[in-house]
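Asks: Could you work out the structure for the sequence below:
(2 chains)
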Amino acid sequence: MDSYMLSVLSNIGMISFLALSAYLLLLVGKVSFGQQAYFAISAYVSAMATTLWGCPLWLALFFGAISAGISATLVSIPTLRLKGFYFSVATLAFAEMIRLGLVIFKYQVEIDGELVGPEGSIGFRGIRYIYDHNFSSVEYLCLIYGCLLVVIGLMIFWEHSRIGSIIRMTGADELLTEMQGINVKLVKVLTAGFAGTIAGLGGGLYAHYLTYVGPEMFGAMLGVHAVSYGLIGGLGTTFGPLLGTLLDFVFLKSAVFSEYRMIIFGGIVAVLLIFKPRGLLDEALLYKIRQKLRKPSWK
Amino acid sequence: MMIFLQNCIDGFMIGGFYALFALGFTLMFGVMKWTNLAYGSCIMLGVFSGIWMHLHFQLDLFWIFFVIILITVIAGYYVERLCYRWLPKKAFMAMMVSSFAIWMQLDEIVRIYFPSRSYPFPRLMDNDLMMIGPLMFKAEGLLILVICGLLAGTIFLFLYKTRYGLAMRAVSEDPVASRYVGINMPSILLGTSIIASVIGGIAGFLMATSDAQVSTEFGLWVTYKSLIAMTLAGLGSIRGAVLGGIILGVIEANSLWYLGAEYRDLVSFMLFFIVLVILPGGLLGTAKEQKARAAVRRG
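Replies: Next up is the predicted model:
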């Protein structure tokens, strides 16, 4: 595999975390434009953990994911009360606050005669952990997809368990769910917290992969992309957002349509949503597939 | 104190634009129940085709004005068909995401034909400064503010004094009931999006001529600011949009002066987030908003 393919694959893997995290919130019926905030928080925290505090990578990723999860939970408590559109805008506002806060955030420490740490709008440079510890890019790719597989496994396990049904039920009709004796608020807050953690895991990996992170990377575009991956790929299964991410990258990186690819891609997405408003792999299609797999064919 | 007053005046000037952009956005949100993320890009497409005509055919401002409005309306019509009309009625998420896809598409079109960061735009008139006491006014700014006020007033009169406006308010209140009383829904929905595009086109023209330049980030900027201005004071009300735009402008101008450029957006987003969390109905508050709604219903 050449290095170009490796970098594309790594990027798909890392952005998938963000898409999965937005997808979880779509399942409870909330459109969040702000998942990139947790991506950013974790990217900075985990990068600071390895460069400034000398943690090993796994601990740094853990710190990053946990801090993102905690902040997502804290933010979701006041914001999840808000109805549909207000929630989307509130998450967007929070994410922009984080981004603009990072522009101001300066915390530099001298290590080995060199200043390292976040440096305001210039960003956080010199996150050299994977070079100092001789990770090859194939190894790092394996690490990314290993983490992704764990997350996907967990989500698929949930999807087929009671928790998944509760999450989908909350998205379909909150009042009805509450009447079943389920604490809807708790379900939503926990979902948001977990979504934040997933985004955080991706953010930590992202920072160490790029060796540089800056506030301009975490603009609103990233968050809106993450939401649309879920809706393009489909809300029926965990593979939906992954499919969406894959499609976007294939289009973005393929030279077939050269400079007109975004124009064509945008058009395709819009037309697709006319016929399949809940994405390619939506619940109806999934139901049909499952029926096919289950039912023995009658002769 | 004088500085504060001066800031407020500057804020009013920029707030007038925010109010106008938010007005168009609010019409679509209120009547069509549609979050049209491509709104800013439609306006940008219009403004850039104006610039294109200016560069290639040396059109003067008067004709540019009509070109901008024409192209904005055409782009708005395209978005309305593709991202609203042809989608299933209840697919709110899909409507938002598909308008986002078209946003990407329109942005890309502009970026292909206009590769530089920003382009000059002819001025409406020379930039005279007027002093009234110790306060400074830009003559052009004042003129634009007056136009903004007139435009908002016209929309207000149109909504509250004409039959078509009454029908629009009826649709915004209850689409099903308004169909029962024989309102031609498709015509109202299309009409609303066209009116919003016209307002957007005029506002875009004024913005471009007062800045004397347009950047290719214009679309993103417009969508952002109108989203915030619309939500800040309360969703779906014309008064709210105007008030929200002006509040946003004044806050930005003051935080720019007292805290510096990095803090300008941070402060406005922070305030926005806090307002959303504390008063989920926007600044006009739930009780007052209810009253305004009732007034809309009867007026």
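Asks: Leaving aside the residues adjacent along the chain, what's closest to the closest residue to chain A within the stretch 101-250 of chain B?
Replies: Nearest residue of the stretch 101-250 of chain B to chain A (Cβ to the nearest Cβ) works out as B:Gln105 at 3.0 Å. C-beta coordinates here come from the backbone N, C-alpha and C atoms, glycine included. Closest residue in space to B:Gln105, ignoring its immediate chain neighbours: A:Gly266 at 3.0 Å, by Cβ to Cβ, 6 or more residues apart in numbering or on different chains.
Asks: what number of residues lie near the one you found?
Replies: Other residues near A:Gly266 number 24, with proximity taken as other Cβ atoms under 10 Å in any protein chain shown.
Asks: how about B:Trp257, what does it touch?
Replies: By Cβ atoms under 8 Å, 6 or more residues apart in numbering or on different chains, B:Trp257 lies in contact with B:Ile3, B:Asn7.
Asks: one step back: residues touching the residue nearest to B:Gln105, list them.
Replies: Taking Cβ under 8 Å, 6+ apart, we find A:Gly266 in contact with B:Ala101, B:Ile102, B:Trp103, B:Met104, B:Gln105, B:Leu106, B:Glu108.
Asks: Now the residue of the stretch 101-250 of chain B closest to chain A: which helix or strand?
Replies: Here B:Gln105, judged by DSSP states H and E, is contained in helix B:92-113.
Asks: so what does the longest helix along chain A touch, helix or strand wise?
Replies: The residue-count maximum for a helix in chain A (DSSP state H) belongs to helix A:184-210. Packing partners of helix A:184-210 (3 or more Cβ pairs under 8 Å, 6 or more residues apart in numbering or on different chains; DSSP states H and E): helix A:3-27, helix A:35-51, helix A:57-79, helix A:129-132, helix A:137-159, helix A:162-172, helix A:174-179.
Asks: Heading C-terminal from it, find the next helix or strand.
Replies: Downstream of helix A:184-210, the first helix or strand assigned by DSSP H and E is strand A:212-213.
Asks: List buried members of the contacts of A:Gly266 by neighbour count.
Replies: Buried by 16 or more other Cβ atoms under 10 Å in any protein chain shown: B:Ala101, B:Ile102, B:Trp103, B:Met104, B:Gln105, B:Leu106, B:Glu108, out of the contacts of A:Gly266.
Asks: Spell out which helix or strand contains the residue nearest to B:Gln105, please.
Replies: Per DSSP H and E: helix A:261-275 holds A:Gly266.
Asks: Could you list the buried residues of that helix?
Replies: Buried positions in helix A:261-275, judged by neighbour count with 16+ other Cβ under 10 Å: A:Arg261, A:Met262, A:Ile263, A:Phe265, A:Gly266, A:Gly267, A:Val269, A:Ala270, A:Leu272, A:Leu273, A:Ile274.
Asks: and the buried ones among the contacts of A:Gly266 as a markdown table, adding pLDDT?
Replies: Formatted as a markdown table, those follow (pLDDT from 0 to 100):
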| residue | pLDDT |
| --- | --- |
| B:Ala101 | 84 |
| B:Ile102 | 90 |
| B:Trp103 | 89 |
| B:Met104 | 84 |
| B:Gln105 | 88 |
| B:Leu106 | 91 |
| B:Glu108 | 86 |
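Asks: circling back to that earlier point, of the helices and strands packed on helix A:184-210, which is nearest chain B?
Replies: Among the helices and strands packed on helix A:184-210, the nearest to chain B by Cβ to the nearest Cβ is helix A:57-79 (4.3 Å).
Asks: got the contact list for A:Ala22?
Replies: A:Ala22 neighbours (Cβ under 8 Å, 6+ apart): A:Ser32, A:Gln35, A:Ala195, A:Gly223, A:Ala226, A:Val227, A:Tyr229, A:Gly230, A:Pro241.
Asks: Name the nearest residue to it, sequence neighbours excluded.
Replies: Using Cβ to Cβ, 6+ apart and skipping the chain neighbours, the partner closest in space to A:Ala22 is A:Ala226 (4.1 Å).
Asks: Surely the one you found is within a strand?
Replies: No - counting by DSSP: H, G, I helix; E, B strand; the rest coil, A:Ala226 is not found in a strand; it is helix.
Asks: Surely it and A:Leu24 touch.
Replies: No - using Cβ atoms under 8 Å as the test, A:Ala226 is too far from A:Leu24 to be in contact (10.9 Å).
Asks: Looking at the two, which is more packed in?
Replies: A:Ala226 (31 against 25).
Asks: all strands of chain B, in order?
Replies: For chain B, the strands defined by DSSP state E occupy B:118-120, B:129-132, B:135-138, B:213-215.
Asks: Using JSON lines, lay out those strands together with mean pLDDT and distance to chain A.
Replies: Shown next, in JSON lines, are these (pLDDT from 0 to 100; distance: least, Cβ to the nearest Cβ, whole Å):
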{"stretch": "strand B:118-120", "mean pLDDT": "85", "distance to chain A": "18"}
{"stretch": "strand B:129-132", "mean pLDDT": "72", "distance to chain A": "31"}
{"stretch": "strand B:135-138", "mean pLDDT": "75", "distance to chain A": "28"}
{"stretch": "strand B:213-215", "mean pLDDT": "87", "distance to chain A": "15"}
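Asks: With respect to burial, which of those scores highest?
Replies: Mean neighbour count, computed with mean count of other Cβ atoms under 10 Å in any protein chain shown, is highest for strand B:213-215 among the strands of chain B, reaching a mean of 17.
Asks: Mind listing the strands that one pairs with, and their directions?
Replies: Here strand B:213-215 has these sheet partners by DSSP bridges: strand B:118-120 (antiparallel).
Asks: Now do the strand it pairs with: everything it contacts.
Replies: Residues from elsewhere that reach strand B:118-120 (Cβ under 8 Å, 6+ apart): B:Phe48, B:Ile51, B:Ala212, B:Gln213, B:Val214, B:Ser215, B:Thr216.
Asks: Ignoring the adjacent residues along the chain, who's closest to the fifth one?
Replies: Spatially, and ignoring its direct neighbours in sequence, B:Val214 is nearest to B:Ala208 (4.8 Å; Cβ to Cβ, 6+ apart).
Asks: So for stretch A:173-180, what gets flagged as buried?
Replies: In stretch A:173-180, counting by 16+ other Cβ under 10 Å, buried: A:Glu174, A:Thr177.
Asks: Now do the same for that stretch: mean pLDDT, whole number.
Replies: The predicted model assigns stretch A:173-180 a mean pLDDT of 88.
Asks: List the contacts of it.
Replies: Residues outside stretch A:173-180 that contact it (Cβ under 8 Å, 6+ apart): A:Gly29, A:Ile166, A:Met169, A:Thr170, A:Val184, A:Val187.
Asks: Excluding residues flanking it in the chain, which one is nearest B:Thr35?
Replies: Per Cβ to Cβ, 6+ apart, closest to B:Thr35 is B:Met96, 4.8 Å.
Asks: re the thing from before, what's the angle between the helix holding B:Gln105 and helix A:3-27?
Replies: For helix B:92-113 against helix A:3-27, the angle by axes from the mean of the first three to the mean of the last three Cα atoms, to 10 degrees is 150 degrees.
Asks: helices or strands next to helix B:92-113 in the packing?
Replies: Packing contacts for helix B:92-113, counted by 3+ Cβ pairs under 8 Å, 6+ apart, involve helix A:220-233, helix A:261-275, helix B:39-57, helix B:61-80, helix B:218-233.
Asks: Distance from the first one to the middle of the chain?
Replies: Helix A:220-233 has its average C-alpha position 9 Å from the chain's average C-alpha position, going by Cα atoms, centre = their mean, to the nearest Å.
Asks: got it, and stretch B:189-205?
Replies: 9 Å.
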